[in-house]
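1. have a look at this prediction, sequence included:
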Amino acid sequence: MTGPAHSPGLAASLRRLVAGALELVELRLGLLANELELEKLRLIEALAWLVAALVAATIGALLLALFVVLLAGETWRLHALGLMALLFIGGAVLAWRRALGRVHGDERLFSATRAELARDRAALSALGEDDADAAPSPPSPNPPPR
């Protein structure tokens, strides 16, 4: 009395299909979580570079001010202070550019997750096309003449 809709093979196939789909969703959510963590680390690194830029700029500005104040003093001391001020200001500029580079990186958010989902979609489309090709064509209403 069991018809084709209640065959044990169909139920097992359906269970495997659902288990596979759930495993795929779990995998994609894990990838999304990893990308969120990477994005958080990237922003923390950019913040650290911004702090370094601010510290270097502050020290550079203080040294530059000291350089201007001591301009009338001994010649060699002024050169040393001027060189140190230029080094700190240069460090601040480099840190600032590095921080901006990290914030405005060319990586798209969740690019790996998007790529994986596109591959999944392509695989499912190909699977659907294979199933359509494998499906038997309906019988012709008129049998061929003998």
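-> Nice, thanks for sending it over.
2. state the mean pLDDT of stretch 42-57.
-> In this model, stretch 42-57 has a mean pLDDT of 92.
3. how about that stretch: buried residues?
-> A46, W49, L50, A52, A53, A56, A57 (16 or more other CB atoms under 10 Å). From N, CA and C alone the C-beta is placed, and that goes for glycine too.
4. can you list contacts of stretch 100-112?
-> With contact meaning CB atoms under 8 Å, 6 or more residues apart in numbering, stretch 100-112 is reached by L31, L32, E35, E39, R42, L43, E45, A46, W49, R114.
5. now the buried residues of stretch 42-57 in TSV, with secondary structure?
-> Below are the buried residues of stretch 42-57 laid out as TSV (DSSP: H, G, I helix; E, B strand; the rest coil):
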residue	secondary structure
A46	helix
W49	helix
L50	helix
A52	helix
A53	helix
A56	helix
A57	helix
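6. and the helix or strand containing R15, what does it pack against?
-> Taking DSSP states H and E as the definition, R15 sits inside helix 8-69. Counting contacts by 3 or more CB pairs under 8 Å, 6 or more residues apart in numbering; DSSP states H and E, helix 8-69 packs against helix 75-103, helix 111-134.
7. tell me the one among the buried residues of stretch 42-57 nearest to W96.
-> Closest approach to W96 among the buried residues of stretch 42-57 (CB to CB): A53, at 4.2 Å.
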